Structures are given as structure tokens and as C-alpha cells.
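Asker: Below is the sequence, then the predicted model.
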Amino acid sequence: MVKIPKVVLLIESSRASGRALLSGIAEYSHHQGPWSFLWEPGGLEKARSLLKAGDADGIILRDVIGVEKILAHGLPAVVIGHRQTEMAGLVNVVTDSVAIGRMGAEHLLGCGFQHFAFCGFKRMPTESNTWAKIRETHFAARLRTSGFEPAHFELAATTPDWSRELQQLSRWLATQPKPLGMMAANDDCSQRVMEACKLAGLTVPDMVGVIGVDNDEVICDLTNPPMSSIAINFKRAGYEAAQALDGLMRRSTSVPLRITAQASHIVARRSTDFVAVTDPHLAKALRFIRDQGRNIVSVDNVAQAAGLSRRALEKRFRAFLGRSILDEIRRVHTDQIARVLVETDLPVNQIAELHGFANPQHFARYFRTAKKQTPLAYRQVFGSKHTTRRAQNGDSFSQSGV
């Protein structure tokens, strides 16, 4: 009789990231298992009793306080990072915080903001919050390449008095130049920023544009207005974490020590639905490009919508945004395409048609120019394993690299 591995999961389900990780783990088990799961989201004490009984073959867990005592049992383990830096000698799941910081800056620059800020978390004795600091560092670095120096504010990660923290943040926000483009370390932090804006009497997005990270749809839709956020492919990371644990349990020598949860795309909602430029012609042009994001538009179309000559509008784009009209058209259009590639299992040729391309090879070249990958390669990197397989089965030309 074949033994079914018993795997302990110490992953919460209160946030979309945790649920996505669990979903990816379950998907791997369905296709490569079966496994028997011992899921304990409530704390470590119950998990310790399971481990002491010797009734487990492997474990996937957050790096919560006390994680070292759990790992001391010597089980094959994959650690999902949040509280601290990577744990030496173990398989670690981390987020691509470098790309996340850059993407937040690019999005706010695309909205036309001229003033920027980042809201992160204060370091606690038991937590390094390295991921938040990396996001802030690369957010600021990208803005500096465009001549901007962002401000920053730090909230306590946990506190018995959130009202006091929000009052401090609201007073700080009131002192910042407007309109302000603000990125926060994650969606929880962004939600607090938006509450602080209300306390300060600052309208979102007219005075402060806010973008978070994780794309937790419950949190993003509970804010008023709904909050823009950077989506991270936690489901795929969960799948790869399970794959790595399977390798450890089988005593494979080729298991990677790092699994990266990739930032796939930005889900733009009303919290950044604002063109923050004082030039009315430039504002019209940016709004037109955004509204036509699913369609192919020409530079002449944009100039006509803005009410300026092509040459005059081009000068304003380069002066205010540091890029050409065509660059902006391609950026917005390919961001829309990327979202469909990641969030659906539509065949690539159908996505090409929906976005105005009759020739799939032309579509692939267009997308690759902006994203440095073909549509198919992008989906393979950022889509879930299951979605990618289903999409490939429906792609008549997937073998061509499109």
C-alpha cells in the first residue's frame, strides 16, 4: 500500500494571500499527490501536539514567532517569509519586492503625479519587515530616475491604539504637497492611509492617489473609493512551495532554496483614477489613452483628443512625464493585456483579437517590446499552473512562442 504523505499547513486564511497560497498547494496535491493535510491556522500550540506525535511528513508554514521551535522537529519544511529575512538552509518563499516597488512608482508616474510618498511599517524587535523596506527603496529609486524625491511615513505594525496612529498619519498627510501619489507597503497599510485621508479631509484620488500591494479584493473593495493594488501570484508560489516540499520529502538534491512570488500586474481602481497634471491638454491626452486601454490608438488619435498638434503634445509628454506618447499608449495597452493573460485562461489568439490585433505574431512582437517576454512566456511566469495549462490546450499557435 502506497503511503499518503501527511503535510502540516500553518498558513492563515484571513487574507487573500494566504488563501491563494493554500489554493496553490491544494492544486499541486490534486495533480501530483494525493496528500493528507493537517491545517492549523489558529496558532502553533495545536501544531506542536501534531508534530510531537510524529504524525507528519512535511510542513509549510509562515515564519511566525516561535517558528524555530517548530523547525527543531526536523521535518522537511518550506518557510513563507513575512516577519524576517530568509532562513538559512531552508526553502524560503519570498515576494519580488524589488519589482513591486518599481511597479508602484511607474503607476503613479503614469497618473501624472509630481509629488510622491511611501507608507511603510516601523521595525519591531521581533520583525525585520525587510520586504517593506525593499519595496520603499526601489519605489524611491525609480522616482529618482525621473527627478522626484518621495517622502515617507511609518506606521506601527501592531498597536493597541490605531486611532492615535491614524491621527499622526492624517496630520502628516495634511503637510504634504498636493496632489500626492502614495504607495503603501501592502493593502492593510493602504487601507489605513485612506482612513487617515478621510480624517484629514483629503479626497481620494483628487488630492491623494493611493496604491497598495497584494490585491486583496475584499480589502480593496471595502475602501471608499475602491483601492488600486499590485497583484502578486501567491497561488503559483503555493504550487511551487508544495513542489519543493515534495522534493524534500523524496530527498531530492535539486530543490531550490528560494521561491519567488512574482508581481504580475496592477489592478487599477478608483483610488488612482486621476490624471494629476495641471496642463489641461496633457490631462485630456492621458485620460483618452486610459479610457481606450483595450484598443489600439494612434498618436494622432491622442493629439486630436487633446486638441493639440502632435509635435506640441509630444513635447509636453516628454517634459512632464519623461516618455513619448507612443510609450504611454503601449504601457497602458500592454498592462491591460497582461491582466487578461494572468487572470483568465482565454487562448492568446483570442486575447489578441479582443485587443485589436488580427495577426498573432504582430501581437506577440508588440507585447514583447513592452514586457520583454512573449504573451505565452508572460502567462507561464505569472499565471497559475492550472490556468496556464488550460490556456495552452486552447492555443492553436502556442508552440510558435506567441
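Answerer: Sure thing, it's come through. Residues are numbered from 1 along each chain as shown.
Asker: Not counting residues beside it along the chain, what's closest to Leu173?
Answerer: Excluding its sequence neighbours, the residue lying closest to Leu173 (CB to CB, 6 or more residues apart in numbering) is Ala200, at 5.0 Å. Just so you know, the C-beta spots here come from the backbone N, C-alpha and C atoms, and that holds for glycine as well.
Asker: mind listing what the one you found touches?
Answerer: Ser170, Arg171, Leu173, Ala174 (CB atoms under 8 Å, 6 or more residues apart in numbering).
Asker: contacting residues for the third one?
Answerer: The neighbours of Leu173, taking CB under 8 Å, 6+ apart as the test, are Phe153, Leu180, Val193, Ala196, Cys197, Ala200, Leu202, Val208.
Asker: Kindly report the domain assignment for this protein.
Answerer: 6-95+234-263, 97-231+266-272, 280-400 (automatic domain parsing).
Asker: on that earlier part again, report pLDDT for the residue nearest to Leu173.
Answerer: pLDDT for Ala200: 95.
Asker: cool, and the one 5 residues further on?
Answerer: What the model reports for Pro205 is a pLDDT of 92.
Asker: try His281
Answerer: In this model, His281 carries a pLDDT of 91.
Asker: correct me, but it touches Arg310?
Answerer: No. Here His281 does not reach Arg310: they are 12.0 Å apart, not a contact under CB atoms under 8 Å.
Asker: Would you mark the buried spots in the strand or helix carrying Asp188?
Answerer: Per DSSP states H and E, Asp188 falls inside helix 187-200. By neighbour count on 16 or more other CB atoms under 10 Å, the buried set for helix 187-200 is Asp187, Asp188, Cys189, Ser190, Gln191, Arg192, Val193, Met194, Glu195, Ala196, Cys197, Ala200.
Asker: got a pLDDT number for the first one?
Answerer: Asp187 is assigned a pLDDT of 96 by the prediction.
Asker: do the same with the fourth one
Answerer: Looking at Ser190, its pLDDT is 96.
Asker: Could you find the closest non-adjacent residue to it?
Answerer: In space, Ser190 comes closest to Gly212 once its chain neighbours are excluded; the distance is 3.1 Å by CB to CB, 6+ apart.
Asker: what's across from that neighbour in the sheet?
Answerer: For Gly212, the beta-bridge partners are Ser229 (DSSP bridges).
Asker: count of residues packed around it?
Answerer: Counted by other CB atoms under 10 Å, the residues lying close to Gly212 total 30.
Asker: Now intersect the contacts of Ala200 with the helices, please.
Answerer: Among these, the members found in helices (DSSP state H) are Ser170, Arg171, Leu173, Ala174.
Asker: Could you check how far the second one is from Ala132?
Answerer: Spelled out, it's Arg171. Between Arg171 and Ala132 the computed distance is 22 Å (CB to CB, to the nearest Å).
Asker: Over to the last one?
Answerer: Plainly put, Ala174 is 24 Å away from Ala132 if you go by CB to CB.
Asker: Check the first one too.
Answerer: As for Ser170, its distance to Ala132 is 21 Å (criterion: CB to CB).
Asker: Out of those two, name the residue with the larger neighbour count.
Answerer: More crowded of Ser170 and Ala132, by other CB under 10 Å: Ala132, with 26 against 18.
Asker: isn't that one right up against Ala185?
Answerer: Yes. Contact between Ala132 and Ala185 holds when scored by CB under 8 Å: they sit 4.0 Å apart.
Asker: what touches both of the two?
Answerer: Gly120, Phe121.
Asker: give me the element the closest residue to Arg19 other than its chain neighbours is part of.
Answerer: Nearest non-adjacent residue to Arg19, counting by CB to CB, 6+ apart: Ser13, 5.2 Å away. Using DSSP H and E, no element contains Ser13; it sits outside every helix and strand.
Asker: Leu166 now?
Answerer: According to DSSP H and E, Leu166 maps onto helix 162-175.
Asker: With Leu22 instead?
Answerer: Going by DSSP H and E, Leu22 is in helix 16-32.
Asker: With that, I have no additional questions.
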